[in-house]
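Engineer: my questions are about this predicted structure, shown below with the sequence.
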Amino acid sequence: MDVRLATLDDIDTISNYDHHIKKEELETSIKLNRVHIASDNTTFIGWLRYNLFWDNTPFMNMLYILEEYQNQGYGSKLVEVWENEMYKLHYDTVMTSTASNEYAQHFYMKLGYQVIGGFTLNQNPYEIILSKNLEDMH
């Protein structure tokens with residue numbers, strides 16, 4: 001599996017799947033080098049998108065692996081590449097969140113993330129906030 005930074009050439013492919021972000025915001029994230037693409041040879045597998053929580057802590061907003069590639073280790077590898085990049089950029093903690101009714105919470109916990117809180121917004125399921133100390137990896 002290859003992981004690379006997204007370019008504006010990837011925006012239509014990502015937008016086809018990612019309905020959680022406006023195309024203009026996705027373009028900004030790509031320009032800020034905050035979107036990573038996973039591929040196998042030249043086959044698009046998925047992406048990881050992040051932003052900065054409190055303007056100082058990398059927060060993974062989206063991790064998406066196409067269904068036919070799920071449960072094959074691609075998501076774990078993509079997160080590992082991102083975490084290593086964040087560590088190289090001198091961040092010591094990363095964060096993410098997931099709805100309490102989604103399997104993703106177990107995926108993140110297997111990767112060493114710990115629940116640090118959560119909230120309920122409107123009538124949506126409880127959102128679990130998770131973090132990981134990157135210093136523990138190195």
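Structural biologist: On my side now, so go ahead.
Engineer: all helices of the chain, in order?
Structural biologist: 11-17, 23-31, 74-88, 104-110 (DSSP state H).
Engineer: what bridges to Arg49?
Structural biologist: In this entry, Arg49 is beta-bridged to Val35, Met62, by DSSP bridges.
Engineer: any idea how far Leu78 is from it?
Structural biologist: 11 Å (CB to CB, to the nearest Å). Yep, even glycine has a C-beta here, placed from its N, CA and C like the rest.
Engineer: which neighbours do these two have in common?
Structural biologist: By CB atoms under 8 Å, 6 or more residues apart in numbering, Arg49 and Leu78 have these common neighbours: His36.
Engineer: quick one on the thing from earlier: could you dump the helices of the chain into TSV and include mean pLDDT?
Structural biologist: Putting those into TSV (pLDDT from 0 to 100) gives the following:
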stretch	mean pLDDT
helix 11-17	96
helix 23-31	97
helix 74-88	97
helix 104-110	95
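Engineer: which one of those helices lies closest to Asn133?
Structural biologist: helix 74-88 (10.4 Å; CB to CB).
Engineer: which secondary structure elements does that closest one contact?
Structural biologist: The helices and strands touching helix 74-88, judged by 3 or more CB pairs under 8 Å, 6 or more residues apart in numbering; DSSP states H and E, are strand 2-5, strand 35-40, strand 43-53, strand 57-65, strand 93-99.
Engineer: would you turn those strands into TSV with distance to Tyr113 and mean pLDDT?
Structural biologist: Output for the helices and strands packed on helix 74-88, formatted as TSV (distance: least, CB to CB, whole Å; pLDDT from 0 to 100):
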stretch	distance to Tyr113	mean pLDDT
strand 2-5	19	96
strand 35-40	18	96
strand 43-53	14	97
strand 57-65	10	97
strand 93-99	7	97
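Engineer: tabulate those strands (TSV), appending mean neighbour count and distance to His20.
Structural biologist: Output for those, formatted as TSV (neighbours: other CB atoms under 10 Å; distance: least, CB to CB, whole Å):
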stretch	mean neighbour count	distance to His20
strand 2-5	14	20
strand 35-40	20	13
strand 43-53	19	9
strand 57-65	20	6
strand 93-99	20	12
